[in-house]
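Novice: my questions concern the predicted model and sequence given below.
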Amino acid sequence: MPMKVTVIGLGYLGATHSVAMSKLGHQVIGIEQNPEKLAELQAGRAGFFEPGLDQALKEELASGRLSFQSNHNADSAEAEIHFLCVGTPQTEGSLAADTSYLYSAITDLAPLLKPGSVVVGKSTVPVGTAKALTEKLSNLTGFEAELAWNPEFLREGTALGDSLRPDRLVIGVNSALAEAKLREVFEPMIASGVPLIVTDLATAELVKGAANAFLATKISFINAMAEIAEVSGADASQLAIAIGYDERIGNKFLRNGVGFGGGCLPKDIRALMARAEELGVGEAVAYLKEIDKINLRRRIRVIDLLKAELGELSGKKVLVLGAAFKPDSDDVRDSPALDIALLANQAGANVLVHDPIALAGVNKKHPELATETDLHQAFDNADAVVLATEWQEYRDLDPKLIADKVNRKFIIDGRNVLDNSLWQTAGFKVVSLGKG
Ligand code: UGA
């Protein structure tokens, strides 16, 4: 049965979730207080690059099931479920997540909330947040508020598909009513065989942090092996294939290179450390400090390799291929590629950054970095090239066409995606991270 729902906060998570809920047939009211973002959404644009999302957004708007507004009104107050999708960024000067947007969201919602409506948090939060929000909401409303937690596991680049066909649905609930409403809203997904885990609030919150910590650990594990491989003559990519055949280990998320970035993995492992510390069990996840350090060390490694080849970087032209934290995304938050460009720039190099779609974000955040939109022109007179984000067009490059353009035929493959023999045949010296 179609339900009326609101989605509060329309960033990556909320914009995608509102489209997904509408696609399931529900009546969805998206609430976004930022006027520019709201205008974009009303015009059928998510405001960030996500394959297929704008198209789906336009279709859902046209269906009449999806609409966006700046605040709650009598219409949104009728919703049976209110999804909280606001951001929980890293707090300035601390490792902890900033949950203040969640508190403002429930403060705005409380005067309109009806007994029996369920508030469902989807944002990534420190364990214990849902309990505290429930108490706050009950105080604000004067009745026992129904609050549940339903973490989201979407990946940028495949966001809508991940939302509609996740590996699993996790719902943390305090009451039979909340469970029934969530089973109803996700009914088409459950019917199609998506596994459902019904649990308590704390477990549901922790699942998300734990999953991202595990993924980050896998990446830093293979990058730690890469450090050993580099000094011992081994090859970390082959190592990953070999250990990955063991099904207990698995072959996914073992790609070594410049490491993980983005708006989630780095912030989430830090938030987990901060929360564990608050709970008096900091030692349980103290190892995540090393995971973070291994990850950041990969970026320094690239600068060291540049220096080893070029000597002083001052006056040398370094072309960085990629700015987004991963391909098929224009997100430059905590991006290894962007960080490498900044580090090389600080070391005195004349850095030029190319990215197929993420340069607007670079120009806005870091006007000190020069950028180039034409890939072939970018190579002109380069003393070194760093492949930092594995966009398909970099994999498809023909080194023969580039060889005459560069000053020095030197490339660092930070993502292990190039055919080294092809580049070597064209005269390039190729250094692949994780290879001795
Ligand atoms: C991540 C998780 O994968 C999602 O499950 C989760 O829902 C999301 O965070 C979130 O918390 O919202 P995402 O940030 O989109 O998704 O990106 P990933 O695909 O996980 O990649 C993260 C980073 O790890 C990228 O910089 C990528 O290049 C890097 N990576 C990934 C590696 O360096 N090696 C690998 O083997 C895999």
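Specialist: Arrived safely, thanks for sending. Numbers count the residues shown, from 1 in each chain.
Novice: quick one: residues contacting residue 326.
Specialist: Contact analysis of residue 326 by Cβ atoms under 8 Å, 6 or more residues apart in numbering lists 156-157, 261-262, 389-390. For glycine as for every other residue, the C-beta is placed from the backbone atoms N, C-alpha and C.
Novice: now list the buried members of those residues.
Specialist: Buried members of those, counted by 16 or more other Cβ atoms under 10 Å: 156-157, 261-262, 389-390.
Novice: what residues does the stretch 201-350 of the chain have near the ligand?
Specialist: Applying Cβ under 6 Å from any ligand atom, we find that the stretch 201-350 of the chain lies next to the ligand at 212, 215, 219, 253-255, 257, 259-262, 264-265, 268, 325-326.
Novice: give me that answer again for 5 Å
Specialist: Counting by Cβ under 5 Å from any ligand atom, the stretch 201-350 of the chain comes close to the ligand at 219, 253, 255, 260-262, 264, 325-326.
Novice: please enumerate the helices of the stretch 101-250 of the chain.
Specialist: According to DSSP state H, counting those that start in this stretch, the stretch 101-250 of the chain carries its helices in the segments 129-141, 159-164, 176-185, 187-191, 201-232, 236-244.
Novice: among these, which is nearest residue 60?
Specialist: Comparison of the helices of the stretch 101-250 of the chain against residue 60 by Cβ to Cβ identifies helix 159-164 as nearest, at 10.6 Å.
Novice: in that closest one, what counts as buried?
Specialist: Neighbour counts over helix 159-164 (16+ other Cβ under 10 Å) mark 159-160, 162-164 as buried.
Novice: picking up where we left off before, next step: the residues of the stretch 201-350 of the chain next to the ligand restricted to helices.
Specialist: Per DSSP state H, helices hold the following members of these: residue 219.
Novice: could I get the residues of the stretch 201-350 of the chain next to the ligand as a markdown table with pLDDT?
Specialist: Formatted as a markdown table, these follow (pLDDT from 0 to 100):
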| residue | pLDDT |
| --- | --- |
| 219 | 98 |
| 253 | 97 |
| 255 | 98 |
| 260 | 98 |
| 261 | 98 |
| 262 | 96 |
| 264 | 94 |
| 325 | 98 |
| 326 | 97 |
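Novice: give me every residue that touches residue 198.
Specialist: By Cβ under 8 Å, 6+ apart, the contact set of residue 198 is 171, 173, 179.
Novice: per-residue confidence at the residue nearest to the last one when sequence neighbours are not counted?
Specialist: Nearest-residue entry for residue 179: residue 173, 4.6 Å, with adjacent residues in sequence omitted and distances by Cβ to Cβ, 6 or more residues apart in numbering. At residue 173, the model reports a pLDDT of 98.
Novice: contacting residues for residue 173?
Specialist: Counting by Cβ under 8 Å, 6+ apart, residue 173 touches 148, 179, 182, 198-201.
Novice: next: residue 9.
Specialist: 31-32, 84-87, 101, 105, 123.
Novice: same thing but at 6 Å, please
Specialist: 85-86 (Cβ atoms under 6 Å, 6 or more residues apart in numbering).
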